[in-house]
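1. Build me a model:
(chains A, B, C and D)
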2 protein chains.
Amino acid sequence: MADEEPTSIWMQPEAHERSGPGRRPGYSREQITRTAVQIADAEGVEAATMRRIAGELGTGAMSLYRYVPRRDDLFDLMIDLAMSEIELPDGPSGGWRGDLTLLARQTRAAGLRHPWLIALLTSRPTLGPNLLRVHEFALSAFNGTGLDIDDITRFVGMLNDYVHSAIRREIGWLEEARRTGLDPERWKRDYMGPYVRQVVESGAFPLFNRSVLDSRTAHLAPEERFRHGLDRILDAIAALIPSLGPC
Amino acid sequence: MADEEPTSIWMQPEAHERSGPGRRPGYSREQITRTAVQIADAEGVEAATMRRIAGELGTGAMSLYRYVPRRDDLFDLMIDLAMSEIELPDGPSGGWRGDLTLLARQTRAAGLRHPWLIALLTSRPTLGPNLLRVHEFALSAFNGTGLDIDDITRFVGMLNDYVHSAIRREIGWLEEARRTGLDPERWKRDYMGPYVRQVVESGAFPLFNRSVLDSRTAHLAPEERFRHGLDRILDAIAALIPSLGPC
DNA sequence: AGTCATTCAGGTACCATGTACGCAAATGGA
DNA sequence: TCCATTTGCGTACATGGTACCTGAATGACT
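-> Here you go, the predicted structure:
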């Protein structure tokens, strides 16, 4: 990149069609990002190294630096590409509950398709165009309810926190198993399993035990589980909206 | 470590007082962990490399591997050490709201003292003794309310999600500034600032704009802000507890 | 057509990191 | 005193991001 100022990647758009001397670019930011996403989907984000991405494209690692200033910026681009898959109507429908349910499901789908997405999202304060688009849709769902912007922001935050947390739980040890190279079943049985059993059998944490042993939602299908938790969060939000009257 | 099985660090307790031949250990897991925590507090978790920790202790990097199987396990130990600072009464007081407020404040304090804590906690599914202790206290706060264990788990999850999310926001670009090596003021002004301004001025996301420009809670002191958000989450939980009657 | 500033491709190299391996030193029991 | 055992840690390797540099491609201008 020409500019080496420490500034956000979103302020350094790719040099588009250019007229003038100089060799024509053989790759593109989007192509590189797409390749990185593919690798990360299949083998985890830690496998998406500069060398590996370049190799996949049939070029050398340093070529990528013509398109992306640093590897961290590539993460931001990956996040935005994944967020671009979240399909939403142009504006809110008028029913906040339905709109937020749609948003939550789309987000979950993207998070499962790209198991690295939520982790990157929470570790990097990025504000790419697609994140902004999605966020704006979430905020707009509450338009017309007469709510304060601070309340709206808080509700959207609550929803986001639940969705992210639920996705993390759903991916959870699946990803951890892949990271350590064990297959998921073996990981649960040999790695975390025995420890949890030991904790349970010690009896030192009775309520933790109940949450492990007596849980009913644990036996639900993941999608049902997500849906159920989501409904409770939306109930909580509804309970806090004064214009809906008491209860 | 003797055992090289891929098993949780919590299943491999440190070899304590031993009688028999062999040189005596010169260090300890706790000492190493404490050193790692100090470095991470001061310079970020990425500065707590094996060589650096060892250097601080006046020894070689490989010596640490007599006490900790892998660096990732050291992260688990760091998390648990930080969690051990969360001081809680032995049992719940009977008022769930007060207990959870106490817990939230203690967690916030630990999260601010150790800016890496929340990030590690969300990136690693670890269940150290102190995490279990804290979690058990949170669950126990709802004892006697007649709630289902699944509901209790959900409420504790909601609280945790809020607390973690709020701490992340509060640390937020402070940490990001340190990571990039810029001082915080310069970071806000030169790095993220101009981009946010550009987005705002584009007018493409009107509700995002309002959340940036018209927010009233943004001007509160961090502690008030945290407290206020916490109260709303507790309100939401209260609204979902059926035994409290309608509103 | 020839010259040249400009831009891209990518090899080489440097430094930092986690950690496997091996050997020397220390230690207490026989 | 000998020896099995355990710790301390230097060496070495693989892997990572990325600075630097050379050469090739390209279009404008003379």
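2. those strands in chain A, which residues are they?
-> Secondary structure of chain A (DSSP state E): no strands present.
3. By residue count, which helix of it is the longest?
-> As assigned by DSSP state H, the longest helix anywhere in chain A is helix A:149-180.
4. May I see the buried residues of that helix?
-> A:149-168, A:170-171, A:173, A:175-178 (16 or more other CB atoms under 10 Å in any protein chain shown). Any C-beta I mention is one placed from the backbone N, CA and C, and that applies to glycine too.
5. Kindly report the same for stretch A:231-239.
-> By neighbour count with 16+ other CB under 10 Å, stretch A:231-239 contains the buried residues A:232-234, A:236-237, A:239.
6. Return the mean pLDDT over it, rounded to an integer.
-> Taken as a whole, stretch A:231-239 has a mean pLDDT of 96.
7. Can you name the residues in contact with that stretch?
-> A:97, A:100-101, A:155, A:158-159, A:162, A:244, A:247, B:154, B:158, B:236-237, B:239-240 (CB atoms under 8 Å, 6 or more residues apart in numbering or on different chains).
8. and chain A, which of its residues are near DNA strand C?
-> A:15, A:18, A:20-27, A:59-63, A:66 (CB under 7 Å from any atom of the strand).
9. Quick one: low-confidence residue ranges for chain A.
-> Where chain A drops to pLDDT under 70, the residues are A:1-6, A:16-17, A:177, A:180, A:188, A:190, A:244-247.
10. what's the residue nearest the centre of it in contact with, if anything?
-> By CA atoms, centre = their mean, chain A has its centre lying nearest to residue A:118, at 2.9 Å. Residues counted as contacts of residue A:118 (CB under 8 Å, 6+ apart) are A:111, A:164, A:167-168, A:171.
11. and of the residues you listed, the nearest to DNA strand C?
-> residue A:171 (22.0 Å; CB to the nearest atom of the strand).
12. Check the gap between that closest one and residue B:218 for me.
-> 32 Å (CB to CB, to the nearest Å).
13. got the buried residues for stretch A:111-122?
-> Within stretch A:111-122, the residues that qualify as buried by neighbour count (16+ other CB under 10 Å) are A:111-112, A:114-122.
14. Redo the contacts of residue A:118 as CSV? Include distance to DNA strand D.
-> Rendered in CSV, the data for these read as follows (distance: CB to the nearest atom of the strand, whole Å):
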residue, distance to DNA strand D
A:111, 23
A:164, 25
A:167, 25
A:168, 23
A:171, 22
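15. now the residues you listed as a markdown table including distance to residue B:91?
-> Below are these laid out as a markdown table (distance: CB to CB, whole Å):
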| residue | distance to residue B:91 |
| --- | --- |
| A:111 | 37 |
| A:164 | 32 |
| A:167 | 34 |
| A:168 | 30 |
| A:171 | 34 |
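16. Next, count neighbours for residue A:19.
-> Applying the criterion other CB atoms under 10 Å in any protein chain shown, we find 4 residues in the vicinity of residue A:19.
17. So which residues on chain A come close to DNA strand D?
-> So chain A meets DNA strand D at A:19-24, A:47, A:49-52, A:61-62, A:65, A:70-72 (CB under 7 Å from any atom of the strand).
18. what's the burial count for the spatially closest residue to residue A:25 that is not a sequence neighbour?
-> Once flanking residues are discounted, residue A:25 sits nearest to residue A:66: 7.0 Å by CB to CB, 6 or more residues apart in numbering or on different chains. Neighbourhood size, residue A:66 [other CB under 10 Å]: 14.
19. Residue A:66 and residue A:59, how far apart?
-> Using CB to CB, residue A:66 is found at 10 Å from residue A:59.
20. do the same with residue A:10
-> Going from residue A:10 to residue A:59 by CB to CB gives 25 Å.
21. What of residue A:9?
-> Using CB to CB, we find residue A:9 at a distance of 21 Å from residue A:59.
22. of these two, who's got more company?
-> Neighbours per residue (other CB under 10 Å) separate residue A:9 from residue A:59, with residue A:9 holding more: 22 against 14.
23. and that one, what is it in contact with?
-> Contact analysis of residue A:9 by CB under 8 Å, 6+ apart lists A:68-69, A:73, A:76-77.
24. Just the closest of those to residue A:38, please.
-> residue A:77 (13.4 Å; CB to CB).
25. Please tell me how far residue A:125 sits from chain B.
-> Look at residue A:125 and chain B: by CB to the nearest CB, to the nearest Å, they are 6 Å apart.
26. before we move on, what about residue A:168?
-> Taken as CB to the nearest CB, the span from residue A:168 to chain B is 7 Å.
27. now swap in residue A:111 and tell me
-> According to CB to the nearest CB, residue A:111 and chain B sit 14 Å apart.
28. Same check on residue A:211?
-> Note on residue A:211: its distance to chain B, by CB to the nearest CB, is 5 Å.
29. from memory that residue sits against residue B:155, does it?
-> No. Applying CB atoms under 8 Å, one finds residue A:211 not in contact with residue B:155, separated by 11.6 Å.
30. list residues touching both of these two?
-> Common contact partners of residue A:211 and residue B:155 (CB under 8 Å, 6+ apart): none.
31. how about the helices of chain A, start to end?
-> According to DSSP H, chain A carries its helices in the segments A:29-43, A:50-57, A:71-83, A:96-113, A:117-123, A:129-140, A:149-180, A:184-186, A:193-202, A:206-213, A:222-240.
32. contacting residues around residue A:216?
-> By CB under 8 Å, 6+ apart, the residues touching residue A:216 are B:148, B:150.
33. My read is that residue A:241 contacts residue A:152, right?
-> No. Between residue A:241 and residue A:152 there is no contact under CB under 8 Å: 10.2 Å.
34. Please enumerate the shared neighbours of those two.
-> Counting by CB under 8 Å, 6+ apart, residue A:241 and residue A:152 have no shared contacts at all.
35. For stretch A:97-108, what is the distance to the chain centroid?
-> Centroid displacement of stretch A:97-108 relative to its chain, using CA atoms, centre = their mean, to the nearest Å, is 14 Å.
36. what do you get for stretch A:204-221?
-> Offset of stretch A:204-221 from its chain centre (CA atoms, centre = their mean): 27 Å.
37. swap in stretch A:108-116?
-> Using CA atoms, centre = their mean, the offset of stretch A:108-116 from its chain centre is 6 Å.
38. Please apply the same query to stretch A:112-125.
-> Taking mean C-alpha positions (CA atoms, centre = their mean), stretch A:112-125 and its chain are 4 Å apart.
39. now stretch A:14-30
-> Chain-centre distance of stretch A:14-30: 31 Å, with CA atoms, centre = their mean.
40. Provide the contact partners of it at residue level.
-> Contacts for stretch A:14-30 (CB under 8 Å, 6+ apart): A:57, A:59, A:63-64, A:66-68, A:77, A:81.
41. what's the closest of those residues to chain B?
-> Chain B has its nearest neighbour among the contacts of stretch A:14-30 in residue A:77, at 14.5 Å by CB to the nearest CB.
42. contacting residues for that closest one?
-> The neighbours of residue A:77, taking CB under 8 Å, 6+ apart as the test, are A:9, A:29, A:32-33, A:36, A:68, A:128.
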